[in-house]
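# Starting from these lines, generate the structure:
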Amino acid sequence: MAMQPGPRNLITDVPGLRVGNAQDHTIRTGSTVLLGEAPFTAGVNVMGGAPGTRETDLLAPDRLVQQVDALVLSGGSVYGLDAASGVVDGLRAMGRGHVAAGGVVVPIVPGAIIYDLNNGGAKDWAQNPYPALGRAALDAALDGTGADFALGTAGAGTGAMTGWLKGGLGSASVTLSNGMTVGALVAINALGSPTVGQSRHFWAAPWEMAGEFGGLGLPARFDPGHEPLPGKAAREATTIAIVATDAALTQAQATRMATAAQDGMARALSPAHTLLDGDLVFAAATGARELADPVGDTYLLGHAAAVCLARAIARGVHAARPLPGDRQPCWADLPGEP
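The predicted model follows:
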């Protein structure tokens, strides 16, 4: 299967999708919104042991709701779940959402959060800041920057950390030989490490395209059985992601794509899917392209989603930049290899 990065190498290479970021560097946190030009089919898969979610039960294939209006990734742990409330308010003001009895507009906005409450930012707010961050991220998705957006220390990745390096917001895309596009968007806040030991070599190196995160490959020698780095404290981790395509998928097929994409998380982080992470992947399908081969195309989409997610994780860490008071180094500031 021939795959190559899309023109932006972002999830917004999937036609009809936009992304908005909002962040507060004083609090050291932020939110990210994925918005479609129209409602889109969505699924979800959770493999971590400590997820924080909103409205994910709606995404099961046997539920009444089959499409959503937006997806939200946010920092803030339980407080960050309210970022979706800001998005709901904004969409309702626009008249976007399911029209319920009596003409009431009900936007459907599932979301997930990372734990970034112990990263050095000021968390002594009197009023929960996340509804405003969610609304600001929605506004950013709607303005002229919705197709291009910042990676690294931005949006939901602003305050993210990994086992020993700063995390961040990552994205990547591919176009397939069948004409379909797949993209990934991820906030990397893992308990595990994105690199081999304390080196600059990313675990995701075998899937790198065009030197997009340094082009270093894997080290010539390493111990695959090394114990995880001590890293940050337990219960402060989670990697949350969205994989998207322009294919026409049912909710069951979207859920399968999200499940397959979890392999990309395991390729890029060591360890992944632990009891102490809330690792989760949403899938979004805009429906612009019908499947010519429902079995074969679904297989290709799952593989491409895993490849994109592994690359997006490395790209997010690679793009992280320092802030005053950081508790972890950035990949970009590590000493070079001999």
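
# least trustworthy helix or strand in this protein by mean pLDDT?
When each helix and strand of the chain is scored by mean pLDDT, DSSP states H and E, strand 98-99 comes last, with a mean of 89.

# Quick one: residues in contact with that strand.
65, 105-108 (Cβ atoms under 8 Å, 6 or more residues apart in numbering). Yep, even glycine has a C-beta here, placed from its N, CA and C like the rest.

# go on, stretch 205-216?
3-5, 9, 172, 174, 200-202, 204, 217-218, 264, 267, 307, 310-311, 314-315, 317-318, 331, 337.

# quick one: the strands in this structure?
3-4, 17-24, 29-46, 53-54, 67-74, 98-99, 105-106, 111-113, 168-176, 181-189, 238-247, 280-289 (DSSP state E).

# is it possible to export the ones you listed to a markdown table including mean neighbour count and distance to A258?
A markdown table is the format used below for the strands of the chain (neighbours: other Cβ atoms under 10 Å; distance: least, Cβ to Cβ, whole Å):
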| stretch | mean neighbour count | distance to A258 |
| --- | --- | --- |
| strand 3-4 | 14 | 19 |
| strand 17-24 | 25 | 16 |
| strand 29-46 | 26 | 4 |
| strand 53-54 | 20 | 13 |
| strand 67-74 | 28 | 11 |
| strand 98-99 | 12 | 22 |
| strand 105-106 | 15 | 24 |
| strand 111-113 | 31 | 12 |
| strand 168-176 | 28 | 16 |
| strand 181-189 | 32 | 11 |
| strand 238-247 | 30 | 6 |
| strand 280-289 | 25 | 4 |
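
# what's the pLDDT at P224?
Looking at P224, its pLDDT is 65.

# circling back to that earlier point, selecting buried members of the contacts of stretch 205-216 in ChimeraX, what would you type?
Buried subset of the contacts of stretch 205-216, written as a ChimeraX selection, criterion 16 or more other Cβ atoms under 10 Å:
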select :3,5,9,172,174,200,201,202,204,264,267,307,310,311,314,315,317,318,331
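
# Excluding chain neighbours, what is closest to A254?
Once flanking residues are discounted, A254 sits nearest to G43: 3.5 Å by Cβ to Cβ, 6 or more residues apart in numbering.
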